[in-house]
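Asks: one predicted model, sequence on top.
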There are 2 protein chains.
Amino acid sequence: MDAYEILKSKGISIGDKIRVNSIEGILMPRTEFVESDVIVIKMSNGYNIGIKLKEETEVKLIEKKEGLVLEKPKTKRFDSNKPTVSILACGGTIASRVEYKTGAVFPSFSPEELIEAFPEIGEIANIKARKLFDLFSEDMQPEHWKIIAQEVAKEIESGVDGIVLMHGTDTMHYTSAALGFMLQDLPIPVILVGAQRSSDRGSSDNRINLVSAVLFAAMGEIAEVVVCMHESSNDDYCAIHRGTKVRKMHASRRDAFKSINISPLARVNYFERRIEYLTTNFKKRDKSRKLKLDTNINPNVGIFYFHPGAKPEFLREMGKFYEGIVIAATGLGHVGVNSGNDKLAKSFLPVIKELIEKGIPIVFAPQTIYGRLNMNVYSTGRILEKAGVIGNLCDWTIETALVKLMFVLGHTKDMNEIKKMMLTNIVGEISERSEHEL
Amino acid sequence: MDAYEILKSKGISIGDKIRVNSIEGILMPRTEFVESDVIVIKMSNGYNIGIKLKEETEVKLIEKKEGLVLEKPKTKRFDSNKPTVSILACGGTIASRVEYKTGAVFPSFSPEELIEAFPEIGEIANIKARKLFDLFSEDMQPEHWKIIAQEVAKEIESGVDGIVLMHGTDTMHYTSAALGFMLQDLPIPVILVGAQRSSDRGSSDNRINLVSAVLFAAMGEIAEVVVCMHESSNDDYCAIHRGTKVRKMHASRRDAFKSINISPLARVNYFERRIEYLTTNFKKRDKSRKLKLDTNINPNVGIFYFHPGAKPEFLREMGKFYEGIVIAATGLGHVGVNSGNDKLAKSFLPVIKELIEKGIPIVFAPQTIYGRLNMNVYSTGRILEKAGVIGNLCDWTIETALVKLMFVLGHTKDMNEIKKMMLTNIVGEISERSEHEL
């Protein structure tokens, strides 16, 4: 028995007040209630909650509301004129309706549930959907990135036209960078999407972000790993950011995601369902291209954030915990080397040399977030570059440098090879010098 | 004998080609060559270099250029109708003309040398100038902040109308935040200023930044520690940023400094020598106000940058190196606590509890840079707040959180007191909720 049959057997219709386990509320209509065992109840606090019905679930009619009928679910048909988009759910705010507020968990992500919530996506494409995990993004680990990459590869194998990954926003840019390295030579777009505000809030960005992401997956020309999120705090455009060049730059704003050191690749006009390209510098969709799936990474990389008072001996200690270290360096790529022999200053140079000698690569990324390292300008930079620090002339974010070093260390332990791979632009993570630097 | 007398004794005039030690070039005119033993030579590579002349210095006339006279230095007089500004040099690009390129060091910062280089500042104010250090800002330590604060207090004691600190840009925002806490109830403005490009480059920002800083020190109404740097990449305005709310946000751009989560306090129109105030929310100049100098800090604080793959056991190890830890947390204030019991995820909760139990405060700051922590929204935040993490509803930068924790730990070791002081807005480091958060 599916949910329809269970409800029907109890004489329950849409609009009735019912109790399921200990939750009481009004049974809500669901437009395409197919292959699904989930019902939606509006609770007295105004929240909607989805509940999975099993045959043994206690369902009780509390109050009959006459006039509304429980419709038999329509079977949704595959439309061969439409593109097909796979939606894989990894967790996060976009993938949850009420759980963060009530503790209740929306149980699954069938295509029908998504289309019921966001009918526009069913108009744009045939939707395939399934859940990979149900994680807060701060719980996401490098091992999860591998699983996501493998599942994306399976979906590509199945012949879909685009893939949407629903993901928490906190670490979305780490995941998008990792997938960039793991999924090279993509034939179709892979789009990460999230929401900064949950769907029970009027200001939620989930609909516009998800619909725009599905639109881009179905029709977009950019066969790369990208992030699709609100472009401004207006509900009109979403920006499409390169996965290795994007960063969450605000704790709460809906337009928190910004391309760093390049412009976004494209924007999606939500109302007009139209894509505008902002550059031609991207890999074009080509379903005949053969995906290069490469999940070899070494997650044993840490970040050292340099600051006044930071201790060289603590950096040394990091070498016992990690096989590679990214240093968030100041300005053009500096940490204290005390070239002026000041009696209060500390030099990090001996420890950096020692770590590199031990085979632990030291990679710099700009603490300023924006801009490009240039270790040729000041003597401090030149001294550090000569000592073997990797990163001169790179404009990657701290996060992308971290993920790239994990990827590179998954391929080689040879320091020369590490340096060569790090300084080679693999998937757009190092950008050409541009007007943004003036 | 001063430089004038040494040159005169050898029959050398302005425009002559001379050799000093091994450096050859043209002797340049200096408009106010008073109390100074420094001469300026233009070398064949186009760079100007300042050289300190002693009686034993080898000075040789190479080629005579007729027509220009070596003027006897004019004695500069104190003008009682003008405000008086103290300039204290701490190092950095603004305080150096050629040293980073040639290795040669410009030896001192007498008022005359500054006025010779930037005559506008002598028109604005009587200038007092001296050098505190000659440091790259990445070598600046918390102990240096104390010295700067003490020297600023001495200048205030002497009755000046404003103080300008020339400082390297890389860690300028750490210093400005530290001075904010150390110099409370300021009677006059204290302005940090730097340059992103050295004076031997056509695009140097040193003149506009320094003149604007001196103007603000002389006439500005904001008696706080502020940073004065280019507002945009045009050479027209400088922005005046609150010292606890500013951050270097670009490795190389001249408008690298941005106010975070508030607007700049004011802007200086360089050409019109005019100050525009952008808010009324600041402490006004009042020479009768009694400065509260408080240099008690505990520099034993470190930064942990949370990321996928970060190790709880490494955070535990930090507790052996530091007495307080700032965690750059994701989103609204999250690190993994694995509330979903995922088999790959890691929880930082036990280690955080353990460190707090040991008396090591854990302070969160937003890794996003922009925005405000809100640990009430998601269960992860609530769990961490309950465990004793400090920072809920704060919108400070990682750097200001670090400096404030150093300051607070210089005053108390009691965890309740630490939490109370941290969450109290002392000098504008925690801003009111604003339109920037929408």
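Replies: Received, thanks.
Asks: where does chain A have low pLDDT?
Replies: A:30-36, A:46-48, A:67, A:71-77, A:95-109, A:200, A:434-438 (pLDDT under 70).
Asks: so where do the helices sit in it?
Replies: Ranges of helices within chain A are A:3-9, A:99-102, A:111-117, A:119-124, A:142-157, A:172-182, A:206-219, A:312-318, A:349-357, A:379-386, A:398-409, A:415-423, based on DSSP state H.
Asks: how about those helices in CSV, adding mean neighbour count?
Replies: Just so you know, the C-beta spots here come from the backbone N, C-alpha and C atoms, and that holds for glycine as well. Output for those, formatted as CSV (neighbours: other CB atoms under 10 Å in any protein chain shown):
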stretch, mean neighbour count
helix A:3-9, 17
helix A:99-102, 18
helix A:111-117, 21
helix A:119-124, 18
helix A:142-157, 20
helix A:172-182, 28
helix A:206-219, 26
helix A:312-318, 17
helix A:349-357, 18
helix A:379-386, 20
helix A:398-409, 28
helix A:415-423, 16
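Asks: closest one to A:Lys248 among these?
Replies: When the helices of chain A are compared for distance to A:Lys248 using CB to CB, the nearest one is helix A:172-182, at 5.8 Å.
Asks: how close does the residue located most distally from the centre of chain A get to chain B?
Replies: The C-alpha centroid of chain A is most remote from A:Lys343, which lies 46.3 Å away (CA atoms, centre = their mean). Separation of A:Lys343 from chain B (CB to the nearest CB, to the nearest Å): 9 Å.
Asks: now for that residue: which residues touch it?
Replies: The contact partners of A:Lys343, by CB atoms under 8 Å, 6 or more residues apart in numbering or on different chains, come to none.
Asks: again, but for A:Leu186
Replies: Counting by CB under 8 Å, 6+ apart, A:Leu186 has contacts A:156, A:223-225, A:283, A:289, A:291.
Asks: count of neighbours near the residue lying closest to A:Glu63 once chain neighbours are set aside?
Replies: Leaving aside its chain neighbours, A:Glu63 sits nearest to A:Lys17 (3.9 Å; criterion: CB to CB, 6 or more residues apart in numbering or on different chains). Using other CB atoms under 10 Å in any protein chain shown, A:Lys17 has 18 neighbouring residues.
Asks: and for A:Ile23, the neighbour number?
Replies: 13.
Asks: beta partners of it?
Replies: A:Val20 (DSSP bridges).
Asks: right, and it touches A:Ile41 too?
Replies: Yes. Under the criterion of CB atoms under 8 Å, A:Ile23 makes contact with A:Ile41 at 6.3 Å.
Asks: quick one: common contacting residues for the two?
Replies: Shared contacts of A:Ile23 and A:Ile41, defined by CB under 8 Å, 6+ apart, comprise A:49, A:51.
Asks: ok so, going back, how about the helices of chain A in CSV, adding distance to chain B?
Replies: Converted to CSV, the helices of chain A look like this (distance: least, CB to the nearest CB, whole Å):
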stretch, distance to chain B
helix A:3-9, 25
helix A:99-102, 5
helix A:111-117, 20
helix A:119-124, 25
helix A:142-157, 5
helix A:172-182, 5
helix A:206-219, 15
helix A:312-318, 5
helix A:349-357, 12
helix A:379-386, 6
helix A:398-409, 6
helix A:415-423, 17
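Asks: indicate which one of the ones you listed is closest to B:Glu112.
Replies: It's helix A:379-386; of these, that one is closest to B:Glu112 (CB to CB) at 28.0 Å.
Asks: show me what the closest one is in contact with.
Replies: A:332-337, A:339, A:349, A:352, A:364, A:373-376, A:392, B:100, B:103, B:136, B:138.
Asks: contacts for the strand ranked longest in chain A?
Replies: Longest strand in chain A, counting residues (DSSP state E): strand A:126-135. The set of residues external to strand A:126-135 that reach it, using CB under 8 Å, 6+ apart, is A:78-79, A:82-92, A:95-96, A:105, A:108-111, A:113-115, A:121, A:144, A:147-148, A:151, A:155, A:158, A:160, A:168, A:214, B:340, B:342, B:345.
Asks: if you set the cut-off to 7 Å instead, what comes out?
Replies: Strand A:126-135 has contacts (CB atoms under 7 Å, 6 or more residues apart in numbering or on different chains) with A:78-79, A:82, A:84-91, A:95, A:108-111, A:114-115, A:121, A:144, A:147-148, A:151, A:160, A:168, B:340, B:342, B:345.
Asks: and what of stretch A:142-162?
Replies: Outside stretch A:142-162, the residues touching it (CB under 7 Å, 6+ apart) are A:83-86, A:88, A:90, A:128, A:132-133, A:163, A:165, A:175, A:178-179, A:182-183, A:187-191, A:217-218, A:220, A:291, A:293, A:295, A:297, A:299, A:406, B:308-309, B:344.
Asks: buried among these? Make that a PyMOL selection.
Replies: PyMOL command restricting the contacts of stretch A:142-162 to the buried ones, with burial defined by 16 or more other CB atoms under 10 Å in any protein chain shown:
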select buried, (chain A and resi 83+84+85+86+88+90+128+132+133+163+165+175+178+179+182+183+187+188+189+190+191+217+218+220+291+293+295+297+299+406) or (chain B and resi 308+309)
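Asks: got the domain ranges for chain A?
Replies: A:3-63, A:84-293, A:301-435 (automatic domain parsing).
Asks: on that earlier part again, out of the helices of chain A, nearest to A:Arg274?
Replies: helix A:206-219 (8.8 Å).
Asks: look up how far A:Leu210 lies from A:Tyr270.
Replies: Using CB to CB, to the nearest Å, we find A:Tyr270 at a distance of 10 Å from A:Leu210.
Asks: mind telling me which residue is nearest the centre of chain A?
Replies: Note on chain A: the residue nearest the mean C-alpha position is A:Met172, at 3.1 Å, using CA atoms, centre = their mean.
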